[in-house]
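With the sequence up front, the predicted model follows.
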Amino acid sequence: MNSLIVRRILRGDVGAAARLMRDLDDELPSARSALKELYARAGRAHVVGITGSPGAGKSTLADKLVEAARKGGKSVGVVAVDPTSPFSGGAVLGDRIRMQRHTADPGVFIRSLAARGSLGGLSRSVFDTVTVLDAMGKDLIILETAGVGQDGVKVAGAAHTVLVVLSPGQGDDIQALKAGILEIGDIYVVNKCDRKDSEQLTRSLGLALEGTSPRDGWTPPIIKTAAVLGRGTRELVDVINEHRSTLVRAGAWERRSLNMARTAFMELLETGLRGFINEECERGKDCRKIFGDLAARKTDPYSAAKTTLRKLLSKSPPPPSFKKRGCPPFSKACPPVPRRRGRRGI
Ligand SMILES: Nc1nc2c(ncn2[C@@H]2O[C@H](COP(=O)(O)OP(=O)(O)OP(=O)(O)O)[C@@H](O)[C@H]2O)c(=O)[nH]1
Ligand SMILES: [Mg+2]
């Protein structure tokens, strides 16, 4: 049963897609059922993740990639994720400005997402948005995340091709190693090569990547760009396409798609479980007792967690709403859930 909104989105209707994305954010049940229908029709787009430190030039590069893809006749979706962290406050606006010239192009759909510190929420919105864009028939979906913390690394589970963008003057070589980012890149981009100190960064990155074994028949190359001047971006587009062909040839495209599906599924599962545990803690008194026993050193966290998990797993599955994710137990911001008949807390 195809609802009107689903039919419109499948035809590539921008207004319908924007409305559904808004409704998905509001967790409307009708939006969820539309998404289910769209999910069955998605799975064709090439998802390219871009991560890297704040200000490395990710949005400027994305803008050039959109331009190149449009020239090649491809339709494009962009999801720009900003963690709204103290490192990059206001970056959502920056992302939009950087790519603004494409907003009038019906072949381009740009969606900015602010995570507001909720990792579960961030991931769900990302996966939902990618599904809608994919079902709309976008050939290429660019997913920009900031390379700080887990989200930067998580993009690896949400994309077929991962670009790690570094730029000189940000202590990137050390930061990248710390963030575990050197394990996830399919293509490393040293941006801002119009600056003299970019050579040093390229050299230390080369050293750091030395000995990296090929993944899916692919050894990650380093591409030098000056995105703001459009330098190196043509080569970058060629390398991205080459990576796609290599994945397909090596039979790794399906593996990556499977990994992406797994990441989305695990995210939802984790978010749901976290919400369930929080609700159970709010509902019963046992959690307070556990916290008290822990503080008084009457038990230890491992034993308490093991016993609690056993109890929880013998209960009914988590409720379908993910709205309460990220709510700390007993937080005033998360109103208690009404007690269900015949059920007790942990
Ligand atoms: N010199 C130089 N500046 C650049 C280059 N590419 C981008 N910039 C500038 O670097 C700044 C940040 O660029 P963005 O594209 O917003 O970087 P970003 O990585 O998307 O930033 P966040 O989304 O905030 O993490 C802007 O002022 C750009 O004009 C480049 O190749 N050379
Ligand atoms: Mg940006």
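Arrived safely. Ligands and ions are numbered 1, 2, ... in the order given.

Just list whatever residues bridge to the closest residue to residue 235 other than its chain neighbours.
Once flanking residues are discounted, residue 235 sits nearest to residue 223: 6.0 Å by C-beta to C-beta, 6 or more residues apart in numbering. C-beta: built from backbone N, CA, C; applies to glycine. Beta-bridge partners of residue 223, counted by DSSP bridges, are residue 189.

now the helices for the protein?
4-10, 14-25, 29-41, 58-71, 91-99, 119-135, 149-154, 172-178, 198-209, 233-249, 252-283, 286-295, 301-313 (DSSP state H).

right, and the residue nearest to residue 235 touches residue 234 too?
No. Assessed by C-beta atoms under 8 Å, residue 223 is found out of contact with residue 234, at 10.4 Å.

Who has more neighbours out of those two?
A direct count of neighbours by other C-beta atoms under 10 Å for residue 223 and residue 234 places residue 223 higher, at 22 against 12.

Could you pull up the contacting residues of that one?
Applying C-beta atoms under 8 Å, 6 or more residues apart in numbering to residue 223 gives the contacts 187-190, 232, 235-236, 239.

circling back: next one: the residue nearest to residue 235 from residue 293, what distance?
Distance from residue 223 to residue 293, counting by C-beta to C-beta, to the nearest Å: 55 Å.

per-residue pLDDT, the residue with the largest distance to the centre of the chain?
Here the chain reaches farthest from its C-alpha mean at residue 298, the gap being 40.5 Å by C-alpha atoms, centre = their mean. pLDDT, residue 298: 96.

for the stretch 201-346 of the chain, what are the low-confidence residue spans?
Within the stretch 201-346 of the chain, the stretches with pLDDT under 70 are 315-346.

Go again with 90.
For the stretch 201-346 of the chain, applying pLDDT under 90 flags the ranges 201, 204-217, 263, 266-288, 308-346.

which residues touch the residue nearest to residue 45 when sequence neighbours are not counted?
Among residues not flanking residue 45 along the chain, residue 134 sits closest, at 4.4 Å (C-beta to C-beta, 6+ apart). Going by C-beta under 8 Å, 6+ apart, residue 134 touches 42-45, 47, 77, 141.

Pull out the buried residues from those.
Buried subset of the contacts of residue 134 (neighbour count, 16 or more other C-beta atoms under 10 Å): 42, 45, 47, 77, 141.

just to revisit the earlier point, now, which of the contacts of residue 223 sits nearest ligand 1?
Nearest to ligand 1 among these, counting by C-beta to the nearest ligand atom, is residue 232 at 8.6 Å.

give me the number of residues near residue 256?
Neighbours of residue 256 (other C-beta under 10 Å): 20.

Residue of this protein closest to ligand 2, please.
Proximity of the chain to ligand 2 (C-beta to the ion) peaks at residue 59, 3.3 Å away.

Can you select the buried ones among the contacts of residue 223 for me in ChimeraX?
Of those, the buried ones go into a single ChimeraX selection, burial set by 16+ other C-beta under 10 Å:
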select :187,188,189,190,232,236,239
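
Surely residue 239 is in contact with residue 188?
No. Contact between residue 239 and residue 188 fails when scored by C-beta under 8 Å: they sit 10.3 Å apart.

anything in contact with each of those two?
Contact with both residue 239 and residue 188 is made by residues 221, 223, according to C-beta under 8 Å, 6+ apart.
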